[in-house]
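Asker: The following comprises the amino acid sequence and a computationally predicted model.
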2 protein chains.
Amino acid sequence: MTNPGADRVKSVRALSRRSVRERTGRFLVEGPQSVREVVVHRPDQVVDLYLTAEARTRHTDIVAAASAAHLYLHEVSEDVLAAMCDTPAPQGLAAVCRVATASLDEVLAQGPRLLVLLTNVRDPGNAGTVIRGADAAGAAAVLVSDASVDVHAPKVVRSTAGSLFHLPLVTGLPVEQTLARLRAAGVRVLAADGVGTTMLPDVDLQPAHVWVMGNEAWGLEPQIRDLCDEVVRVPIYGKAESLNLAMAATVCLYASAGAQNH
Amino acid sequence: MTNPGADRVKSVRALSRRSVRERTGRFLVEGPQSVREVVVHRPDQVVDLYLTAEARTRHTDIVAAASAAHLYLHEVSEDVLAAMCDTPAPQGLAAVCRVATASLDEVLAQGPRLLVLLTNVRDPGNAGTVIRGADAAGAAAVLVSDASVDVHAPKVVRSTAGSLFHLPLVTGLPVEQTLARLRAAGVRVLAADGVGTTMLPDVDLQPAHVWVMGNEAWGLEPQIRDLCDEVVRVPIYGKAESLNLAMAATVCLYASAGAQNH
């Protein structure tokens, strides 16, 4: 494919719009790191894989993994790839993928010990970084409320650095019902919020729990905080007013991982 | 001031260039959060404070702190402020400030227990986020190598969320000599690097130490790693390949803060 104006190129490019992703159930994965992770970990999600001649030579590991998974590779020109992608420099590779989320029932059936729930998280970079942090800390899944950013948006996908394909995602969750179901399943509900009175080092993080994260600017809604078992604050030892959302989530998740793994 | 084309406006705008910052020893602080922090914590650094009529009404706390510090407020139009600033929405406030870095001698004279050294950190957002994390974790200072991003660049200043004015910064440091001086002062030198064989939870973080952070893409240079007392890895419990630099630094710094404060 060498014509950036082709209908197929336009239909791929349209996946940068949320409405198109929701209608088609597909999203675009850009760049070698993310494409490698979906091809290796979730080849069942890949619908079409596009690469330039140069990328075919350079990323032989991805080409081999794609072949092993019987994925067809479409060779495209640099111009076509750039016209398909949200990022100006997709580095030779992109994949149209099926959205594949899990249900809360499926996640709970596994007896999860560590979860994170994003409520009202709006910034794509923050959401992606929390997903990456949750993966690194060994969380069983990432839960995303109905009022949060679309985790299949290009900027979220990029900032997860492949973690989107490493652990189950449950999206579109109504927060109050979700907290009730988690608690019924024996999962402690811990709000991470700067207004908390319980300090992170004082919380017993060995039992199964979920970290509930609020909006990056205004934190958790009071009525959601009231539904949590504890409202936990990451201590500030210096003069900073707060940590940003992604940093706070990572510190909490790593505290949990430390308690559960050592 | 209402003329966005005035020489004074141009000379403020020019501070977005590193060469101008280095020649003048000044930099620009934009937006209410950062301006508040410099006015409250480091009024000695403020040369000129610019605000719109609307900001004067809205941010009475900043105006009061500026008055208490005998800082003169220049009222400017929205157009003038926008023409001065790097960000398209400075939210009514900006301050031209003097660069005020500390020396390594001054920092060492305080007997620091926790430090971070950025070597080859190039991304402004990462550098700013590490400075914010260091502040939150109660680090005594942030040390920055000669090969790192200019920490007075607009994007770094913004992403520190005011932490730039909360703790001493030492910039332009040659890495090898700095490590030698730190060690001579009794500060353990811990590299944070994904190739490390010592796991973070296994390190004794009570004694005074410095976290040495490398480049966001390729980590620490081998010859620098070899000069460190330990090369420490943040454990990955899931399938993520790594944490990003700012997350790894924050996890390390909070592990240190936890060990030193509880």
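Answerer: Cool, the structure landed.
Asker: Quickly find the element holding the residue lying closest to A:Ala14 once chain neighbours are set aside.
Answerer: Nearest non-adjacent residue to A:Ala14, counting by C-beta to C-beta, 6 or more residues apart in numbering or on different chains: A:Val20, 4.5 Å away. C-beta here means a position set from N, CA and C on the backbone, and glycine is covered the same way. If you go by DSSP states H and E, A:Val20 is part of helix A:18-24.
Asker: so A:Leu28 sits right up against A:Ala94, yeah?
Answerer: Yes. The criterion here is C-beta atoms under 8 Å, and A:Leu28 meets it with A:Ala94 at 6.0 Å.
Asker: Show me which residues of the stretch 151-262 of chain A sit near chain B.
Answerer: Residues of the stretch 151-262 of chain A found near chain B (C-beta under 8 Å from any C-beta of the partner chain) are A:161-163, A:166-167, A:201, A:234-244, A:246-247, A:250-251, A:254-255, A:257-258, A:261-262.
Asker: and with 10 Å instead?
Answerer: A:159-163, A:165-167, A:199-202, A:234-244, A:246-258, A:260-262 (C-beta under 10 Å from any C-beta of the partner chain).
Asker: So which of the residues you listed belong to strands?
Answerer: A:Met199 (DSSP state E).
Asker: And the residues of the stretch 151-262 of chain A next to chain B, which of them are buried?
Answerer: By neighbour count, with 16 or more other C-beta atoms under 10 Å in any protein chain shown, these hold A:159-163, A:165-167, A:200, A:234-244, A:246-258, A:260 as buried.
Asker: about what we covered before: which residues are common contacts for A:Leu28 and A:Ala94?
Answerer: Common contacts of A:Leu28 and A:Ala94, defined by C-beta atoms under 10 Å, 6 or more residues apart in numbering or on different chains, comprise A:12, A:15, A:34, A:48, A:50, A:84-87.
Asker: For PyMOL, write the selection for the buried entries among these.
Answerer: Only the buried entries of those go into this PyMOL selection, using 16+ other C-beta under 10 Å:
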select buried, chain A and resi 12+15+34+48+50+84+85+86
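Asker: How about the contacts made by A:Thr129?
Answerer: A:123, A:156, A:159-161, A:163, A:244-247, A:249-250, B:129, B:243-244, B:246-247.
Asker: mind redoing it with 8 Å?
Answerer: A:159-160, A:246, A:249-250, B:244, B:247 (C-beta atoms under 8 Å, 6 or more residues apart in numbering or on different chains).
Asker: pLDDT score assigned to the residue nearest to A:Ala14?
Answerer: Note on A:Val20: pLDDT of 97.
Asker: pretty sure it contacts A:Val12?
Answerer: No. With contact defined as C-beta under 8 Å, A:Val20 does not reach A:Val12; the gap is 10.0 Å.
Asker: tell me the angle the helix of greatest length in chain A makes with helix B:245-261.
Answerer: When chain A is parsed with DSSP state H, its longest helix is helix A:245-261. Angle, helix A:245-261 to helix B:245-261, by axes from the mean of the first three to the mean of the last three C-alpha atoms, to 10 degrees: 60 degrees.
Asker: what about A:Arg23, distance to A:Thr52?
Answerer: 28 Å (C-beta to C-beta, to the nearest Å).
Asker: Looking only at neighbour counts, state which of those two leads.
Answerer: A:Thr52 (21 against 10; other C-beta atoms under 10 Å in any protein chain shown).
Asker: picking that back up, point out the other elements, helices or strands, that the longest helix of chain A touches.
Answerer: Applying 3 or more C-beta pairs under 8 Å, 6 or more residues apart in numbering or on different chains; DSSP states H and E, one finds that helix A:245-261 contacts strand A:114-118, helix A:124-136, strand A:188-192, strand A:209-213, helix B:124-136, helix B:245-261.
Asker: gap between the next helix or strand after the fifth one and the chain center?
Answerer: Spelled out, it's helix B:124-136. Later in the chain than helix B:124-136, the nearest helix or strand by DSSP H and E is strand B:141-145. Put simply, strand B:141-145 sits 8 Å off its chain's centre (C-alpha atoms, centre = their mean, to the nearest Å).
Asker: Please report how far whatever residue of the stretch 1-150 of chain A ends up closest to chain B lies from A:Leu114.
Answerer: Residue of the stretch 1-150 of chain A nearest chain B, by C-beta to the nearest C-beta: A:Gly138 (2.9 Å). In this structure, A:Gly138 and A:Leu114 are 7 Å apart, going by C-beta to C-beta.
Asker: who touches both of the two?
Answerer: By C-beta under 8 Å, 6+ apart, the residues touching both A:Gly138 and A:Leu114 are A:257, A:260.
Asker: I'd like the helices and strands packed on helix A:245-261 written out as a markdown table, with distance to B:Val149 and mean pLDDT added.
Answerer: Listed next are the helices and strands packed on helix A:245-261 as a markdown table, based on distance: least, C-beta to C-beta, whole Å; pLDDT from 0 to 100:
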| stretch | distance to B:Val149 | mean pLDDT |
| --- | --- | --- |
| strand A:114-118 | 30 | 98 |
| helix A:124-136 | 18 | 96 |
| strand A:188-192 | 29 | 98 |
| strand A:209-213 | 29 | 98 |
| helix B:124-136 | 5 | 96 |
| helix B:245-261 | 12 | 96 |
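Asker: No more questions from me, cheers.
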